[in-house]
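Q: Build me a model from this:
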Amino acid sequence: MRKALLILFCLALTGCAAKGTTIVLIEDPDGTVGQVTVSNRAGTQTLDAARQSTTAAAPSKAPEPVRVADQAEIDTTYGRALKALPEPVETFVLYFRTGTSDLTPESRPVPARILASITRRGSTDVRVNGHSDRVGTPEINERLSMERAEAMAAILVDMGVAKDIIRTSYHGEGNPLVPTEDEVPEPRNRRVEVLVR
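A: Next up is the predicted model:
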């Protein structure tokens, strides 16, 4: 998931009256907004809502009070830069049956959606990350997470995705979606995450 998008713009460019750096916090495509603290030796300002902005004119001068930038101003000033940003990574999560590299029935339709995303985006970068729950030994779960990642990559290749754009990795019991104690089955941890860039 992307963090909130932060626009930095040097106002020292031709045509700008002020000098320094302006920071504008804008929302992610999903509508969420993060937080950023602008700080120098003279002071601090925190931005935590969409379109909040501050300018740091010099290291010896505190950042200006937070203001809300008008959307038309953002579009005019940063529109070209925003349009040049790459599309956010699209993430797909597929789940597996206990102790296997077999997709659950609910996950079987997902590879077609992944293929559609790769095709629509013209992607040349697909990451396939395998995971497991904590049932079994760490060694078995590492192997199982690898098998799941490789099985998902093979499905994509069989569907026509070029093998050289797919990178697989596996995490075993590491990076659980839902932390559990050892030997506790958790279906949401038996997964593969596919990231289409």
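
Q: Ser132 is in what secondary structure piece?
A: Counting by DSSP states H and E, there is no helix or strand that carries Ser132.

Q: How about it, nearest residue that isn't a chain neighbour?
A: Asn141 (3.9 Å; Cβ to Cβ, 6 or more residues apart in numbering). C-beta: built from backbone N, CA, C; applies to glycine.

Q: Assign that neighbour to helix, strand or coil.
A: With DSSP: H, G, I helix; E, B strand; the rest coil as the basis, Asn141 sits in helix.

Q: burial count for it?
A: 24 (other Cβ atoms under 10 Å).

Q: contacting residues around it?
A: Asn141 makes contact with Ser132, Asp133, Arg134, Val135, Gly172, Glu173, according to Cβ atoms under 8 Å, 6 or more residues apart in numbering.

Q: farthest pair in those residues?
A: Between any two of these, the greatest separation by Cβ to Cβ is 11.9 Å, found for Val135 and Gly172.

Q: Please indicate which of the contacts of Asn141 are buried?
A: Ser132, Asp133, Arg134, Val135, Gly172, Glu173 (16 or more other Cβ atoms under 10 Å).

Q: Now pLDDT too, for these, in a markdown table please.
A: Output for the buried ones among the contacts of Asn141, formatted as a markdown table (pLDDT from 0 to 100):
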| residue | pLDDT |
| --- | --- |
| Ser132 | 98 |
| Asp133 | 97 |
| Arg134 | 97 |
| Val135 | 97 |
| Gly172 | 97 |
| Glu173 | 96 |
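
Q: Can you add distance to Leu156 and give the residues you listed back as CSV?
A: CSV is the format used below for the buried ones among the contacts of Asn141 (distance: Cβ to Cβ, whole Å):
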residue, distance to Leu156
Ser132, 20
Asp133, 23
Arg134, 27
Val135, 27
Gly172, 22
Glu173, 25
